[in-house]
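Q: let's see this in three dimensions:
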Amino acid sequence: MEKISVDYAVMEKAKEVMVLQTPYKWDDVGSWQALERLHPQDADGNTVVASHCGIRTSNCIIVSDNRNNLTTTIGVENLIIVRDGDALLVADKRDEAGVKQLVDLLRKRGLELYL
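A: Purely as a prediction, here's the structure:
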């Protein structure tokens, strides 16, 4: 299938469109920073969806797919830290758009098993 957004593939070509109000919140989950809008932050502005213990850690997004793994941090800020299986991502929030480039690099190097 062609990699194209629903907006371009469907909505721009649709002649009749219906809009329905839904009882749930919608967010563009194509971004790790969407988690900040969906989850509460701690006193230091961290969004934590993991087991985490940190010192001088602020404005970070910390996610783990396994609550039995502990993520610890010291003296960091504005980071995205994501553990998924055997893969760990640590990125500056300002560089989140680079995740797509990283995915392309992993594919190029034959490391798709970590995606």
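
Q: contacting residues for His52?
A: Residues in contact with His52 (CB atoms under 8 Å, 6 or more residues apart in numbering) are Asn46, Ile62, Leu70, Thr71, Thr72, Thr73. Any C-beta I mention is one placed from the backbone N, CA and C, and that applies to glycine too.

Q: how much space separates the residue nearest to Asp42 when sequence neighbours are not counted from Gly85?
A: Excluding the flanking residues, the one nearest Asp42 by CB to CB, 6 or more residues apart in numbering is Val48, at 6.3 Å. According to CB to CB, to the nearest Å, Val48 stands 19 Å off from Gly85.

Q: more neighbours: which of these two?
A: Val48 (22 against 9; other CB atoms under 10 Å).

Q: which parts of the lengthiest helix in the chain are buried?
A: Longest helix of the chain, by residue count under DSSP state H: helix 98-108. The neighbour-count check on helix 98-108 (16 or more other CB atoms under 10 Å) flags nothing as buried.

Q: mind giving me the packing neighbours of it?
A: Under the contact definition 3 or more CB pairs under 8 Å, 6 or more residues apart in numbering; DSSP states H and E, helix 98-108 sits against strand 87-92.

Q: next, the angle helix 98-108 makes with the strand it packs on.
A: For strand 87-92 against helix 98-108, the angle by axes from the mean of the first three to the mean of the last three CA atoms, to 10 degrees is 140 degrees.

Q: tell me the mean pLDDT over strand 87-92?
A: Strand 87-92 carries an average pLDDT of 96.

Q: and it, what does it pack against?
A: Counting by 3+ CB pairs under 8 Å, 6+ apart, strand 87-92 packs on strand 79-84, helix 98-108.
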